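Visitor: got a structure for you, letters missing:
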């Protein structure tokens, strides 16, 4: 599969080309940079505008076979002469580039959302041009992305407190096909932010439905929780490493039943033993063999719940599952944090919660009151 290039690579390529045209006086139609991964990026230059003291150009973002919402967007760089006499390359964000408004992210509050690796790439490439042109003064680089503000509404940026546009990101400079790094990076960023804000009690859910359940059932603010997708184990690792004291995992029984068997990536391609686990817990709690057989014949957990309810064993089964989920979560964390969970089904609502889930809400409420 074909890899692509990050917005950071696009910004660095455009900045290098604009600097070359400003300092050398020659127009260029393409430019080459070396990504941190060591892979060369040959970029075509678009919308070149040359002025006496400033040159701007654009590079089209190509996400390869792992295309995201920014694929096809133009990333611009405008390079102009700076005011100072000393060699200095200043980087700023223009139209369509977000600005950081909350702590805990890659850049400090108030800065343009251009992460440190893209900034380093821009400085490296523009410095190379300055050396080639024997230029020892300062340059101002402004990165922009027309349409970025609208695109950002479909990303995690508003949740992270990045307003006004997209982020210029990337650590390797390339986009690897079918990579999960972007999702994991977003989870890490949200956890970093919450920890920087002083949070010790973390609410996590695999998806929007779990977060909506927390909102409707417990009036818990959606913005205070973190969506971990299928990466429950990785999220626990990150949370433990950052020093969170307790984690509350809320989710649909069809997703979290896997965690009760120690499965920490809940994607169906990784493992799918939902009915087997449900049947095993049913047998453990004294359900008849025919009940377990009926459960095993079900296609979904929602279909199996009425069968378990009819057996009068549903509360005990769900309580045991919640207990097992917490056990495996704490085992994954190596004892570095306490775990709680809440299970629900679409038709039945809340099925069970761990013994200390209420304590989590109490501690979290006290913490938020202190922060307020």
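Guide: Received, thanks. Because the structure is a prediction, the values reported are computed rather than measured. Residues are numbered from 1 along each chain as shown.
Visitor: what's the distance between stretch 66-83 and the middle of its chain?
Guide: Stretch 66-83 has its C-alpha centroid displaced from the chain centroid by 21 Å (Cα atoms, centre = their mean, to the nearest Å).
Visitor: Quick one: end-to-end distance for that stretch.
Guide: In stretch 66-83, first residue to last residue: 41 Å (Cα to Cα, to the nearest Å).
Visitor: Counting neighbours, show which residues of it come out buried.
Guide: 66, 70, 73, 74, 75, 76, 77, 78, 79, 80, 82 (16 or more other Cβ atoms under 10 Å). The C-beta positions use only the backbone N, C-alpha and C, and glycine is treated the same way.
Visitor: Check stretch 127-143 too.
Guide: Residues of stretch 127-143 classed as buried: 127, 129, 130, 135, 138, 139, 140, 141, 142, 143 (neighbour count, 16+ other Cβ under 10 Å).
Visitor: hang on, the earlier thing: want to throw the buried residues of stretch 66-83 into a markdown table with pLDDT, distance to residue 247 and secondary structure?
Guide: Below are the buried residues of stretch 66-83 laid out as a markdown table (pLDDT from 0 to 100; distance: Cβ to Cβ, whole Å; DSSP: H, G, I helix; E, B strand; the rest coil):
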| residue | pLDDT | distance to residue 247 | secondary structure |
| --- | --- | --- | --- |
| 66 | 70 | 29 | helix |
| 70 | 92 | 31 | coil |
| 73 | 96 | 36 | coil |
| 74 | 98 | 41 | strand |
| 75 | 98 | 37 | strand |
| 76 | 98 | 42 | strand |
| 77 | 98 | 42 | strand |
| 78 | 98 | 45 | strand |
| 79 | 98 | 46 | strand |
| 80 | 97 | 48 | strand |
| 82 | 90 | 47 | coil |
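Visitor: mind putting the buried residues of stretch 127-143 in a markdown table, secondary structure included?
Guide: Formatted as a markdown table, the buried residues of stretch 127-143 follow (DSSP: H, G, I helix; E, B strand; the rest coil):
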| residue | secondary structure |
| --- | --- |
| 127 | helix |
| 129 | helix |
| 130 | helix |
| 135 | coil |
| 138 | strand |
| 139 | strand |
| 140 | strand |
| 141 | strand |
| 142 | strand |
| 143 | strand |
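Visitor: and these, which two are the farthest apart?
Guide: Between any two of the buried residues of stretch 127-143, the greatest separation by Cβ to Cβ is 20.2 Å, found for 135 and 143.
Visitor: what does stretch 221-234 contact?
Guide: 159, 180, 183-184, 187, 190-191, 194, 202-208, 211-212, 214-215, 235, 249-250, 259, 264-267, 270, 329, 332, 368 (Cβ atoms under 8 Å, 6 or more residues apart in numbering).
Visitor: how much space between residue 195 and residue 221?
Guide: Taking Cβ to Cβ, to the nearest Å as the measure, residue 195 falls 17 Å from residue 221.
Visitor: Now do the phi/psi pair for residue 219.
Guide: In terms of degrees, to the nearest 10, the main-chain angles of residue 219 are phi 50, psi 40.
Visitor: Next, count neighbours for residue 92.
Guide: 14 (other Cβ atoms under 10 Å).
Visitor: returning to that earlier point: which among the buried residues of stretch 127-143 gets closest to residue 59?
Guide: residue 143 (10.7 Å).
Visitor: what does the model give the closest one for pLDDT?
Guide: Residue 143 is assigned a pLDDT of 98 by the prediction.
Visitor: if we can go back for a sec, higher neighbour count, residue 195 and residue 221?
Guide: Higher neighbour count among residue 195 and residue 221: residue 195, with 19 against 12, using other Cβ under 10 Å.
Visitor: Wait, that one touches residue 188, no?
Guide: No: with contact defined as Cβ atoms under 8 Å, residue 195 does not count as touching residue 188 (10.5 Å).
Visitor: confidence score at residue 211?
Guide: 86.
Visitor: The helix or strand it falls within packs against which elements?
Guide: When secondary structure is defined by DSSP states H and E, residue 211 falls within helix 208-218. Using 3 or more Cβ pairs under 8 Å, 6 or more residues apart in numbering; DSSP states H and E, the elements in contact with helix 208-218 are strand 201-205, strand 225-227, strand 246-252, strand 338-345.
Visitor: One more pass at 6 Å, please.
Guide: strand 246-252 (3 or more Cβ pairs under 6 Å, 6 or more residues apart in numbering; DSSP states H and E).
Visitor: what helices or strands is the strand it packs on leaning on?
Guide: strand 201-205, helix 208-218, strand 338-345.
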